[in-house]
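Undergrad: sequence plus the predicted model coming up.
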Amino acid sequence: MSKGRTQETLVGGQFGGRAAAYLGSAVHAQGADLDALVALVRGKPEARVLDLGCGGGHVAYHVAPHVGEVVAYDLSPEMLDTVAGTAAERGLDNITTREGVVERLPFADASFNYVFSRFSAHHWRDLDAGLREAARVLKGGGIAAFVDSVSPGVPVLDTFLQAVELLRDPSHVRNYTRAEWEAALVRAGFALGAASQHRLRMQFAVWIERMSTPKVQSDAIRALQAAVSETVARHFHIGSDGSFDLDVLFVQAGKVP
C-alpha cells in the first residue's frame, strides 16, 4: 500500500488537509516561545526571516510586524495557501510563501538574517541536511532558533514517546534529545547559543482530533498508556483522559561572521 511513498509525500498527505486545524490550534498559535522569537527580531525593521517548516504560519504572523520580510516555507501547498490567505486577512503584506523540502532550500547563500523553525524538525527526513541548509542560508552574524518537542533521553521514556507519536501520526520521524540537537547544530556549522526547556500539556482529545488519527490507532495509544510502568506514567504526567506532558526545547544558534 505504501509502495513509492516518500517521507515528503507522507508528510504532505498528513498535513495538507489539516491546515485549518493547525491554524486554529491553541498549542501552535500561542506560547512563550513565540514571544521569545519576537524578542529576537524586535527593532530589526530591515531583517529578512525564514520560517522553516512554517505549518499554519504562526511564527510568520508573530514576527512579520517587526521585520522587513518573512518567507514562510513548507512542503505542503495547502498549508502555504492557508498562510497566504491568513496573512492577507491580517494585513501582513510582507509575508511571502515558498514550497519545498528543508534538505534542499531554494535560496542563495546568506539570504536571511534569521532562520526560525517551530515544531517542524521531528518530521524532517534528514535533520543534519536540514540544519546544514539552514546554516547555509543564514547570514554571518545571523541568528537561528529552533523549537521542537524532544525526547527525555532515557530509553524507556524515549521508546514510549516515539511509539505514541508514530501511532498518532505516521509522518513522525523522531523526537531528538537535547544533546542530539546540540551535536547536530554544531555539525551543521552553528555556534550554540542559549537553550531552555519547558513542558507543554497535550490535551489528548484535541491532540488526536488535530491529526484525524484513526480510532484504532487512538485506542492503541490509550492501551499503551494504560500498560506502561509508573516511571513512564509519572514522567509524562499521563492523565485519566490520556492527556500528557511533552518536553519542548528552545535553542538558539549563531552564524559566525
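TA: That came through fine.
Undergrad: and the residue nearest to G193 when sequence neighbours are not counted, what element?
TA: Among residues not flanking G193 along the chain, Q252 sits closest, at 3.5 Å (Cβ to Cβ, 6 or more residues apart in numbering). Quick note: C-beta positions are derived from backbone N, CA and C, even for glycine. Taking DSSP states H and E as the criterion, Q252 maps to strand 244-254.
Undergrad: paired strands for that strand, with orientation please.
TA: Its sheet considered, strand 244-254 pairs with strand 138-149 (antiparallel), strand 191-202 (antiparallel) by DSSP bridges.
Undergrad: buried residues in the last one?
TA: Meaning strand 191-202. Across strand 191-202, burial judged by 16 or more other Cβ atoms under 10 Å covers A195, M202.
Undergrad: then that strand to PDB, C-alphas only?
TA: The C-alpha trace of strand 191-202 is given here as PDB (Å, rounded to 0.1, in the frame of the first residue of the first chain):
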ATOM      1  CA  ALA A 191      27.800  28.200  17.200                       C
ATOM      2  CA  LEU A 192      25.500  27.200  20.100                       C
ATOM      3  CA  GLY A 193      23.600  29.900  21.900                       C
ATOM      4  CA  ALA A 194      21.100  30.000  24.700                       C
ATOM      5  CA  ALA A 195      18.900  27.000  25.300                       C
ATOM      6  CA  SER A 196      16.000  26.200  27.600                       C
ATOM      7  CA  GLN A 197      13.400  23.500  28.100                       C
ATOM      8  CA  HIS A 198       9.800  23.700  29.200                       C
ATOM      9  CA  ARG A 199       6.800  21.300  29.300                       C
ATOM     10  CA  LEU A 200       3.700  21.500  27.300                       C
ATOM     11  CA  ARG A 201       0.400  19.900  28.300                       C
ATOM     12  CA  MET A 202      -1.200  18.000  25.400                       C
END
